[in-house]
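>>> got a predicted structure plus its sequence, pasted below:
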Amino acid sequence: MSNRTEDKRLGMSAAISRRDVVNGMLAGSGALLMGGCATNADAAEAAGPVVDAFTGRGGVGDYALSNGNTQAVINAAHRVRDMTFDELPKADDSEQVDLVIVGGGPAGLLTAFDYANLTGGKKTSLILENHPVFGGASKQNDFMVNGVRLTGPQAANDFGVPAKGSGAIMDRVFDDLDLPREYQFASFDPKFKPLRFAWDNYTNMDGFGERLVDIGYHFNALDGAAAPRFERNIWDDDLARTPFSPDLRRQLLAWRSNAGGTSGLTPEQMDAMSYAHYLEVVKGYDPVVTRVARPPIALLTGLGMGAVSALAASRYVTNNARQTMSFPGGNSGLIRPLVKKMFPAAIGGENTFADIQSKPINFAAFDRPGQPTRLRHGATVVRVSHTGQAGQEDGVLVVYEKDGRLHQVRAKAVVMASGGWVNRRVLTDMPDDIQTAYGEFIHGPALVVNVALTNWRAMYDKGVTALRWFDDVNMLGFSGNIRTPMLVDGMTPPLDPDKPAIFTMYMGVYPAEGTDARAQTVASRIKLLGTPYATYERIIRQQLATILAGTRFDPAKDIAGIVINRWGHARVVQPPGFFLGKDGKPSPLKVVAKGYGRVIIAHSELNGAQNARGAFEHGARAAKEAAALT
């Protein structure tokens, strides 16, 4: 088959060669835009136009220019990394506020919300957010396919309804934001054969609740299959239909049944070894067990099995007995109500859960003069330092870039709710202990892909709502699924195999082997940032065609559009010793969380993993500290 014929079959145009990638970044963007993008006439409507050759299509609606780390966001961040921002012209301005909050994700937004409440709205705060849309990793992708609106998560996902009156941070957040405590999900019409769907995009993964979902498993030669084959729900009969040997099946079942087990080892002992060492030496499993277990663990820890702490990794092997939930746009469903509370005019419609989730954003509502709380988008902080004499600091000076110029704002205190990879670059007067501790923070990348389908009849015919493949060396990612939509007026798509749906893929980006966490994450980030959008699109189309071979699946017709969300620093990784500390020293997490002077450090990774609960916990803490300082 010629390349031109193959491109047509996949719904693609001309291929992109490695010559189009220079030093890990794209060159010749104009040529790529002309020659490397999908030609499907519906793609521009479904997933929006191509933004640039790196970013690709961002979907439609308010989040269309903010799908993950876009080229524009990365360019601004790299100016900070390379210390080239001083080349920019300086604006003749200097605002004065009580509090600056760096970062408009969950931690920063809750800081602003609580600070306003704690100070009775009498103090001023300014949130500086480098992306075009608030939310950090808690954002969404929107598609329009054949008149149906589809919404999927960009990254942060999953929630559980907190117990009323428990006193937990999420209980308080649900009360403050008037979030419902009960949710309904779409029912599958009885005219179709029954299928089991996940309500989120994690339940179908190995180690979570894979027995709760109908999953199709693809095997190839790497797995010992004589020819590519497709099996359904392999855990239901203890892997009997897999090409794995009887001994390997026994070991995989033992790994899976020992969910979160530590074989009698203390947390300190588990944190001192890699997960590969635990599986292969302590447990005595075949290295193939490590390979099979690797993809979901690597996604959630950011590292390969030889580099991640066994304590950190083992926590992600559970025995879920019930579904976890997701809002249509993942954790954007938590963030939009928070924004609506602070800026009532920011989201149109009535003050109802459905309208807050579905109505357009009014960006003019965030940065109006005279507002006690303001949010400024597209503002990349490049330098933060104290003002006043050493030992008698009376405030902070924050310098940021917006619209190609440097601006500055003075405040009595600053909350650094941005990620550790940002903070360690821009905090110019950190004490030695915090600077040293931040030097131990290593961040791994991740990729989240939303594929808009015109239909999912091929999967229905196979009797599955999720797909899993084990070759994460030659194939991209390891799984993806179609979830049951949450019922929300105005944004509930039909649950019908002949109607549009989103197929969502979460994947880590990591080397298969290696024990050096820093080297792994650097190599992974180069790969993530050095791959053009069109290359990812081609791989995804080809993989789905391969896995669903022999069905009616046609990538040229059945895929309406693809949005990829790259997260270069998706999570702080945990090599052995990072979480609990080593050599008698405290964990770097505890050292950094102390902050210093009038600088308050509050981001979710201080819990050792990024999630909404951790972000809100540190946001609430930061607001109290800021109120005391200002």
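Nice, thanks for sending it over.
>>> pull the contacting residues for residue 520.
Neighbouring residues of residue 520 by CB atoms under 8 Å, 6 or more residues apart in numbering: 303, 304, 307, 444, 510, 511, 514. C-beta coordinates here come from the backbone N, C-alpha and C atoms, glycine included.
>>> try residue 99
115, 123, 124, 125, 126, 411, 412, 413, 414, 415, 626, 630.
>>> tell me which of these fall in helices.
Judged by DSSP state H, the subset of the contacts of residue 99 located in helices is 115, 626.
>>> out of the contacts of residue 99, grab the one that's most surrounded.
Counting neighbours by other CB atoms under 10 Å, residue 415 leads the contacts of residue 99 with 33 neighbours.
>>> for that residue, give the beta-bridge partners.
residue 101, residue 600 (DSSP bridges).
>>> compare the contacts of residue 520 and tell me which is most surrounded.
residue 303 (32 neighbours).
>>> so what's the gap between stretch 260-269 and the chain middle?
Relative to its parent chain, stretch 260-269 has a centroid offset of 29 Å by CA atoms, centre = their mean, to the nearest Å.
>>> cool, and stretch 270-280?
For stretch 270-280, the distance to the chain centre is 26 Å (CA atoms, centre = their mean).
>>> alpha carbons of that stretch, as PDB, please.
The C-alpha trace of stretch 270-280 is given here as PDB (Å, rounded to 0.1, in the frame of the first residue of the first chain):
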ATOM      1  CA  MET A 270       8.900   0.300  50.500                       C
ATOM      2  CA  ASP A 271       9.900   3.900  49.900                       C
ATOM      3  CA  ALA A 272      13.500   2.900  49.800                       C
ATOM      4  CA  MET A 273      13.200   0.500  46.800                       C
ATOM      5  CA  SER A 274      11.800   0.800  43.300                       C
ATOM      6  CA  TYR A 275       8.600  -1.000  42.300                       C
ATOM      7  CA  ALA A 276      10.500  -3.200  39.800                       C
ATOM      8  CA  HIS A 277      12.700  -4.300  42.700                       C
ATOM      9  CA  TYR A 278       9.700  -5.000  44.800                       C
ATOM     10  CA  LEU A 279       7.900  -7.000  42.100                       C
ATOM     11  CA  GLU A 280      10.900  -9.000  40.800                       C
END
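>>> hang on, the earlier thing: can you put the contacts of residue 520 in JSON lines and add pLDDT?
JSON lines is the format used below for the contacts of residue 520 (pLDDT from 0 to 100):
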{"residue": "303", "pLDDT": "93"}
{"residue": "304", "pLDDT": "92"}
{"residue": "307", "pLDDT": "95"}
{"residue": "444", "pLDDT": "93"}
{"residue": "510", "pLDDT": "81"}
{"residue": "511", "pLDDT": "76"}
{"residue": "514", "pLDDT": "85"}
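>>> center of the protein - which residue?
Central residue of the chain (CA atoms, centre = their mean): residue 155, 2.7 Å from the mean position.
>>> pretty sure that residue is touching residue 140, no?
No. Look at residue 155 against residue 140 with CB atoms under 8 Å: they stay out of range, at 9.7 Å.
>>> got any residues that touch both of those two?
Joint contacts of residue 155 and residue 140 (CB under 8 Å, 6+ apart) are residue 330.
>>> output stretch 113-131 as PDB, nothing but the C-alphas.
Below are the C-alpha coordinates for stretch 113-131, written out as PDB (Å, rounded to 0.1, in the frame of the first residue of the first chain):
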ATOM      1  CA  PHE A 113     -12.000  32.500  47.300                       C
ATOM      2  CA  ASP A 114     -11.100  31.900  50.900                       C
ATOM      3  CA  TYR A 115      -9.000  35.000  51.200                       C
ATOM      4  CA  ALA A 116     -11.900  37.200  50.100                       C
ATOM      5  CA  ASN A 117     -14.100  35.500  52.700                       C
ATOM      6  CA  LEU A 118     -11.600  35.700  55.500                       C
ATOM      7  CA  THR A 119     -10.900  39.400  54.900                       C
ATOM      8  CA  GLY A 120     -14.600  40.300  54.400                       C
ATOM      9  CA  GLY A 121     -13.900  41.400  50.800                       C
ATOM     10  CA  LYS A 122     -11.900  44.400  52.100                       C
ATOM     11  CA  LYS A 123      -8.500  43.200  50.800                       C
ATOM     12  CA  THR A 124      -7.500  43.000  47.200                       C
ATOM     13  CA  SER A 125      -6.000  40.000  45.400                       C
ATOM     14  CA  LEU A 126      -4.800  39.500  41.800                       C
ATOM     15  CA  ILE A 127      -4.500  36.000  40.300                       C
ATOM     16  CA  LEU A 128      -1.900  35.700  37.500                       C
ATOM     17  CA  GLU A 129      -2.600  32.700  35.200                       C
ATOM     18  CA  ASN A 130      -0.400  31.900  32.300                       C
ATOM     19  CA  HIS A 131      -3.000  30.000  30.200                       C
END
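>>> quick one on the thing from earlier: mark which of the contacts of residue 520 are part of strands, please.
Mapping those onto strands (DSSP state E) picks out residue 444.
>>> farthest-separated two in the contacts of residue 520?
Using CB to CB, the contacts of residue 520 span at most 12.4 Å, a distance reached by 444 and 514.
>>> so where's the stretch 101-250 of the chain shaky on pLDDT?
Regions of the stretch 101-250 of the chain meeting the criterion pLDDT under 70 are absent.
>>> on that earlier part again, which one of the contacts of residue 99 sits closest to residue 284?
Among those, and counting by CB to CB, the member closest to residue 284 is residue 415, at 48.0 Å.
>>> how far away is the closest one from residue 169?
Using CB to CB, to the nearest Å, residue 415 is found at 17 Å from residue 169.
>>> what does residue 559 give?
Residue 559 is 40 Å from residue 169, by CB to CB.
>>> CA-only coordinates of stretch 507-523 in PDB, if you can.
Presented in PDB, the C-alpha positions along stretch 507-523 are these (Å, rounded to 0.1, in the frame of the first residue of the first chain):
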ATOM      1  CA  MET A 507      -1.100   7.900  29.000                       C
ATOM      2  CA  GLY A 508       2.300   8.400  30.600                       C
ATOM      3  CA  VAL A 509       5.300   9.300  28.500                       C
ATOM      4  CA  TYR A 510       8.300   7.300  29.900                       C
ATOM      5  CA  PRO A 511      11.200   5.200  28.900                       C
ATOM      6  CA  ALA A 512      10.600   1.500  29.200                       C
ATOM      7  CA  GLU A 513      13.700   0.900  31.200                       C
ATOM      8  CA  GLY A 514      16.100   2.800  33.500                       C
ATOM      9  CA  THR A 515      16.500   3.700  37.200                       C
ATOM     10  CA  ASP A 516      17.500   7.400  36.900                       C
ATOM     11  CA  ALA A 517      14.300   9.400  37.500                       C
ATOM     12  CA  ARG A 518      15.700  12.700  36.300                       C
ATOM     13  CA  ALA A 519      17.100  11.200  33.100                       C
ATOM     14  CA  GLN A 520      13.800   9.500  32.500                       C
ATOM     15  CA  THR A 521      11.700  12.600  32.800                       C
ATOM     16  CA  VAL A 522      14.000  14.700  30.600                       C
ATOM     17  CA  ALA A 523      13.900  12.100  27.800                       C
END
